[in-house]
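>>> Need a 3D model of the sequence below.
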Amino acid sequence: MPSALTTRWLFIGLFASIFSLTRPHSALAESTRRNKPRLNHGTATSTGLVCGTYEGNMLDALIANRIQRARIESSLPKLSPARTYTVGDLVVIEDDGTLVSEPSTNAFDLDQRLLHFAPNANGGYDVTAGTFAFDNTVGAVLNAGDDTNHNIAFTSGFSFAFAGQTWNSVWIRSNGNVTLGGIGNPDFYDPNDFFLALPMIAPLFADLNPLAGGRIHYRQAADRFVITWENVPEFNNNNSNTMQLTLFASGAFDIAYNGVGLVVPINGEPTLVGLTKGNPSAALQSVNLSNLPINGSSAGALFEAFEQIVFREVDIVATAKRFYAVQPDSFDQLVLLTDFDLLGADFAALYNGVRNEVLGLGMNQYDFTSQVGSAGRLQGFLHMNHLNLWPDDPNTPTPIVFNASYLDVLGQEAEHEWGAYVRFNREGQASDLTLGRGLGHWSFFLDTEGSVMEGNGWRDNNNGTFTTVRASDNFSLLDHYLIGLRPAEEVAPFFLIENPNQAFNCYGRNGDCAPELGVTVSGVKRLISVHDIIATEGQRNPSASTSPKVFRQGYIYLLRQGATASQQNLDKAERFRAAWPHYFSDRTDGRGIFQTQLGVALPVATVAGLVTSARNGSVIKNLEARLLEKNFVQPVYAGGHYAFRALAATANPAPLQATIVLRAYPYLPDTSTVMLAYGTTLQHPRQLQPLPQSTLQGTLRNAAGAGVRANLTLFVSSEVVDDFTLTATSDAQGKFAFSDLFISFPGMIEYDRLVIEPEIPYLSKTVTSLAINAGAPTVVDATLEPADLLLVNDDPAGAFQSFYQTSLQALGLAPYVWSQAQRGVAPLSQAPLFKNRAIIWYTGNASGANVLTQAERDSLSAYLDRGGRLFLTGQNIAESLSGNAFLNNRLHVSFVRNLNDAILHGVKGDPVGNGIRNIATSGAGGANNQNSRDHLQPEGVAQACVVFDTTSNAVVGVRVANAATNSRVVFLGFGVEAVASRAGFASREDVLRSALDWLNGTTAVKEQDGSQDLPTAFELSASFPNPLHAGLAGATTIIRYQLPPEASSKRVTLRVYDVLGRAVRTLVDATYQPGQFTAQWDGLDAQGSAAVSGVYFYKLEAGAQQAVRKLVLIR
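Below is the predicted model of the structure:
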């Protein structure tokens, strides 16, 4: 019965696993190779099938073939050969009953039996059932471990005749067998050892583990040697297995079973019972050891295999031999598609490595070609499952393989010839963090440009997070290197996300998940170069200069016995075959070729060349080469060499016209056309002309014409290099220059915008639509306006800024943002330079010592002493400053406790609170960062303006007017950034407007409400009294104005000017609303100083409307 091993191991159908071997096992005994991983039998996931490729795939295929071959050789009558024929470029093979095995179970059934093996006259062994006996004198204990081998010399004059020799010692092996003259694989369990050139007797050849339980004994007597495996469990299982092998000098031996718990091995491998003389080319005989006697055997190996076949399986070794019966050995890979369902196979595709001679790939060399019928060329066998598992279009993504297409899956299985197995040098140690599932795919967290070998195309969000943007449809530059299409110098550095915050756990390893679009993680970015890989795995040999670039696949379409292929299925298989060459050429940027037709190889045309600078002959980096006729786009990171290969459609094609476009920064594009003869290579070196250079310069001034210092950033984009920026600064006269700029050239270099970030208090400015031309410098002059007010961002992480900026802009106010996390304590001495005398200071998520440091409190105190107007907002401020003089004497409150009441109310009738009756501080539209709002106790001159909703008389906001310093403060014990958007509640704009209007003293009192009384004209009345005798205590002049409904105006301002036109004081700067209003002027300027006696003008502005009147100030 054939083994289930050819497709036993699972790990996504797109996605195969590590395969790394040394010499084939037909070469003898003590060959060493990398350990085959011990894997548990897997199952399909709930979201997709998994793949059967793993390190031991080909070994499993070989043992399955040998077991099947033994059954065939033992069967009567002999089966007729399978029918093999070609349809187009497909080799169609019809099963003869030997290539396809149906699901079945052959469970172990020999417990409590004794088998007697005796040499016969035919050179083989007869097997009879003996009377059950078990020798309880078991002898010495062998210090056996998992997968260990122990050479024990015979004593007492005993020797054992077997396989044509007389032996004086025996190798006792943990895994239930003995060998003579040597051992198989010394480090791990492998049932292929049974078919080595090595004599073996196998009482119960399974993956046993004496290290986990039980013991192994041996006893020497004059006429026999007894070996006992006592209560030894399977690896990773808690069963118990006891059996005894007794060797007699005559060459006969007995096997007795006295409690075997193994029924079907849990690891999917066959359990073998029997003998082999160690001649791999001798006849094999598969028997039923429950059906005795067996007489007259002459087989070199006689055995029974106990196993379970869980789905329909294909003997790929025998299938390959049938292919070579009708085709030459001219293919690098064979691709199998079946006409039938595999009945529940939990893989979508798998790769069986047949040969590897390449070093530097993270796997050893091996060669099984002779065992599959190849004379040495075949590298691998790709099992692509049932044809109708896949959509009709091979490019269509399918959920059965995590939204990859048939061609994406084929891409991975084909590339398993070379990858992905390489580790990298991480701080002096070989690390496999680049690898994901089965150590044979790229890690989920490796940036692989969306490789078919997994990983993902990751976008660095430049904030500590990364997002997946491409998956499973490409060959990365690192893949190109492993395949042999590019030298190491052409592989740009890539990155690995270490310590990712997402706790993925696919198949037991953190990086083992299948690729997925739209996943965002945070982590540490580690750059890796191909030289880090070479430092661990060695140089690729052969190198890219001599490695093959043109490969061939042969397609097999397998039918069940007696079946006939439908034309529809043959046409579909032909579409799949024909689609692969273009897919591979396109994904390898025109570097590689795969042919899939039968018959003679088609010719390939190649054009290649070195690209250098016409200025100095230097090799050009970051080159982009295009072959327009084939739509190939080829990036060349370094080295300057491009190469394109094109496959002919016929054996005798006409020459190919090739248009080659070369682009690189900062050079003019180069376009050339050549004729390519198929079967030849044309060397076509090119030189690129540098772009001309010029200058961008200008002057930055304020409205008065004075120069302004600023930092300038020029944003540059290109289709051939990553976007970048250039920086400059303006001097005291406002002059700046960007020298030696390459001129604008669409696609090559474009100047997207110039961002001007001036010194305080001027607003940033962005200039777009820049074009740098040859010749005279490009001049950009700019007049910079002061910002309306200063916004101090005092969040420790510089967060929540956009909440304030957006709301202020909605009020028609342009803030100057000072981020203290980046720039230190804000220069509040510059506050009078802004249009609006108030400043906004928010603390965001600050707490404890991060809230208003001593330096910040000193700066705020000095600002208030100068008549400043402060809007201070943030949770934790009062709590963190509890007992501090600044909280008590400047903010005039004390801290009571934290409250988690998210609904607040403005105090009715209060000039700040009256317009903000309901405030929600959690929910959509807000920052949702409030968890410790401060309950305040007003003291002295502080007036409550905002209170909590559910806690009676609990104040969360106050306003303070200090007549001694002419300063004002609005202090809110919550962050305004958290104000949410809810129907019937105040908006963030409402809160900001109310606070700023009162702080600036620009709150005009609305004299009437009701739309029926709205004025119809824009009007500014004469002030009263006029003149204003400001020397009198508390003297003010009243100014009345009225505003009609006006949809086009967003704001209204009322300002006082001196006779020179200089602004003295802003009395009103508010959102436009219709009605009749009054404002007052107390004769003070914007800094709180007394204005001098004289004539003044007051001006009302709203959009395009304005009115001016005169008043006299007397002191």
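
>>> so residue 340 sits in a strand?
No: secondary structure assignment (DSSP: H, G, I helix; E, B strand; the rest coil) places residue 340 in coil, not in a strand.

>>> Need the nearest residue in space to it, chain neighbours excluded.
Once flanking residues are discounted, residue 340 sits nearest to residue 560: 4.9 Å by CB to CB, 6 or more residues apart in numbering. C-beta here means a position set from N, CA and C on the backbone, and glycine is covered the same way.

>>> Which pLDDT value belongs to that neighbour?
Looking at residue 560, its pLDDT reads 95.

>>> Repeat that for residue 1.
Looking at residue 1, the pLDDT reads 29.

>>> give me the number of residues near the residue nearest to residue 344 when sequence neighbours are not counted?
Closest residue in space to residue 344, ignoring its immediate chain neighbours: residue 311 at 4.7 Å, by CB to CB, 6+ apart. When neighbours are defined as other CB atoms under 10 Å, residue 311 has 17 of them.

>>> is it true that residue 311 touches residue 345?
Yes: in this structure, residue 311 is within contact of residue 345 by CB atoms under 8 Å, at 4.3 Å.

>>> May I have the phi/psi pair for the closest residue in space to residue 827 that isn't next to it in sequence?
Spatial nearest neighbour of residue 827, chain neighbours left out: residue 760 (6.3 Å); criterion: CB to CB, 6+ apart. Main-chain torsions, residue 760, degrees, to the nearest 10: phi -60, psi 140.

>>> what's near enough to touch residue 760?
For residue 760, the contact set (CB atoms under 8 Å, 6 or more residues apart in numbering) comprises 790, 816, 818, 827, 830, 833.

>>> I'd like the distance between it and residue 844.
Remark: distance between residue 760 and residue 844 (CB to CB, to the nearest Å) = 21 Å.

>>> Then residue 917?
Taking CB to CB, one finds residue 917 at 26 Å from residue 844.

>>> Just the C-alphas of the host helix or strand of residue 553, formatted as CSV.
If you go by DSSP states H and E, residue 553 is part of strand 550-559. Only the C-alpha atoms of strand 550-559 are listed here, as CSV (Å, rounded to 0.1, in the frame of the first residue of the first chain):
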residue,chain,number,x,y,z
VAL,A,550,16.6,30.3,-19.3
PHE,A,551,14.6,27.4,-17.8
ARG,A,552,12.2,24.8,-19.1
GLN,A,553,9.1,23.2,-17.6
GLY,A,554,7.4,20.1,-18.8
TYR,A,555,3.6,19.8,-18.2
ILE,A,556,2.0,16.5,-17.2
TYR,A,557,-1.8,16.0,-17.2
LEU,A,558,-2.6,12.9,-15.2
LEU,A,559,-5.8,10.8,-15.7
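
>>> so after that strand, what's the next helix or strand?
As assigned by DSSP H and E, the chain's next helix or strand after strand 550-559 is helix 567-587.

>>> Can you tell me what sits against that following helix?
Contacts made with helix 567-587 from outside it, assessed by CB under 8 Å, 6+ apart, are listed as 87-90, 92, 335, 337, 339, 387-388, 390, 392-395, 406-407, 410-411, 414, 452, 473-475, 553, 555, 557, 592-596, 630-632, 645-647.

>>> Please enumerate the helices of the stretch 1-150 of the chain.
Counting by DSSP state H, counting those that start in this stretch, the segments of the stretch 1-150 of the chain that form helices are 57-74.

>>> now swap in the chain and tell me
For the chain, the helices defined by DSSP state H cover 57-74, 316-324, 369-372, 406-415, 477-483, 530-537, 567-587, 801-810, 820-823, 854-865, 877-880, 885, 988-999.

>>> and the residue lying closest to residue 634 once chain neighbours are set aside, how many neighbours does it have?
Nearest residue to residue 634, sequence neighbours excluded (CB to CB, 6+ apart): residue 589, at 4.0 Å. Around residue 589 sit 23 other residues, with neighbours defined as other CB under 10 Å.

>>> Now do residue 589, the pLDDT please.
98.

>>> List the residues that contact residue 398.
390-391, 404-406.

>>> Could you rerun that using 6 Å?
residue 391 (CB atoms under 6 Å, 6 or more residues apart in numbering).

>>> Relative to residue 110, how far out is it?
To residue 110, residue 398 is 45 Å away according to CB to CB.

>>> now do residue 566
46 Å.

>>> Could you check which of those two has the larger neighbour count?
Taking other CB under 10 Å, residue 566 and residue 110 do not tie; residue 110 has more neighbours (20 against 10).

>>> and the closest residue to residue 805 other than its chain neighbours, how many residues sit next to it?
In space, and not counting its chain neighbours, residue 805 is closest to residue 815: 6.3 Å by CB to CB, 6+ apart. As a burial measure, residue 815 scores 23 neighbours (other CB under 10 Å).

>>> again with residue 113
Residue 113 is flanked by 17 other residues according to other CB under 10 Å.

>>> that older thread, relative to residue 294, which of the helices of the chain is closest?
The closest of the helices of the chain to residue 294 is helix 57-74. By CB to CB, the value is 10.3 Å.

>>> what pLDDT, on average, does that closest one get?
Across helix 57-74, pLDDT averages out at 68.

>>> please begin residue numbering at 549 from this point
Yep, numbering from 549; the last one is helix 605-622 now.

>>> any idea how far the residue nearest to residue 1353 lies from residue 1351?
With distances taken as CB to CB, residue 1363 is found 12 Å from residue 1351.

>>> close enough to count as contact, residue 1214 and residue 1290?
Yes: between residue 1214 and residue 1290 there is a contact under CB atoms under 6 Å: 4.1 Å.

>>> so where's this protein shaky on pLDDT?
549-607, 611, 617-629, 1050-1057, 1550-1561, 1581-1582, 1595-1597 (pLDDT under 70).

>>> Show me it divided up by domain.
As assigned by the TED database, the chain contains the domains 652-857, 968-1080, 1150-1238, 1241-1332, 1386-1392+1406-1548, 1567-1661.

>>> I'd like these as TSV, with distance to residue 921 appended.
Formatted as TSV, these follow (distance: least, CB to CB, whole Å):
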stretch	distance to residue 921
domain 652-857	15
domain 968-1080	25
domain 1150-1238	24
domain 1241-1332	49
domain 1386-1392+1406-1548	67
domain 1567-1661	83
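
>>> Tell me the spacing between residue 969 and residue 1071.
Counting by CB to CB, the separation of residue 969 from residue 1071 is 24 Å.

>>> Looking at those two, which one has more neighbours?
For residue 969 versus residue 1071, the count of surrounding residues by other CB under 10 Å is larger for residue 969: 24 against 16.

>>> need the contact list for residue 978.
Counting by CB under 6 Å, 6+ apart, residue 978 touches 971, 1084.

>>> And for residue 1215?
Applying CB under 6 Å, 6+ apart to residue 1215 gives the contacts 1236, 1238.

>>> now the strands: where do they sit in the stretch 599-748 of the chain?
All strands of the stretch 599-748 of the chain, identified by DSSP state E, counting those that start in this stretch, fall at 631-635, 638-642, 648-649, 652-654, 662-667, 673-678, 688-690, 697-701, 708-710, 713-715, 717-721, 725-727, 748-753.

>>> With respect to residue 612, which of these lies nearest?
Comparing the strands of the stretch 599-748 of the chain by CB to CB, strand 648-649 comes nearest, at 8.2 Å.

>>> Adjacent strands (with direction) for the closest one?
The strands beside strand 648-649 in its sheet (DSSP bridges) come out as strand 861-862 (antiparallel).

>>> ok now the partner strand, how far from the chain's centre?
Centroid displacement of strand 861-862 relative to its chain, using CA atoms, centre = their mean, to the nearest Å, is 35 Å.

>>> how near is the nearest residue to residue 840 once chain neighbours are set aside to residue 670?
Excluding the flanking residues, the one nearest residue 840 by CB to CB, 6+ apart is residue 677, at 4.6 Å. Counting by CB to CB, the gap from residue 677 to residue 670 is 20 Å.

>>> Thanks again, I'm all set now.
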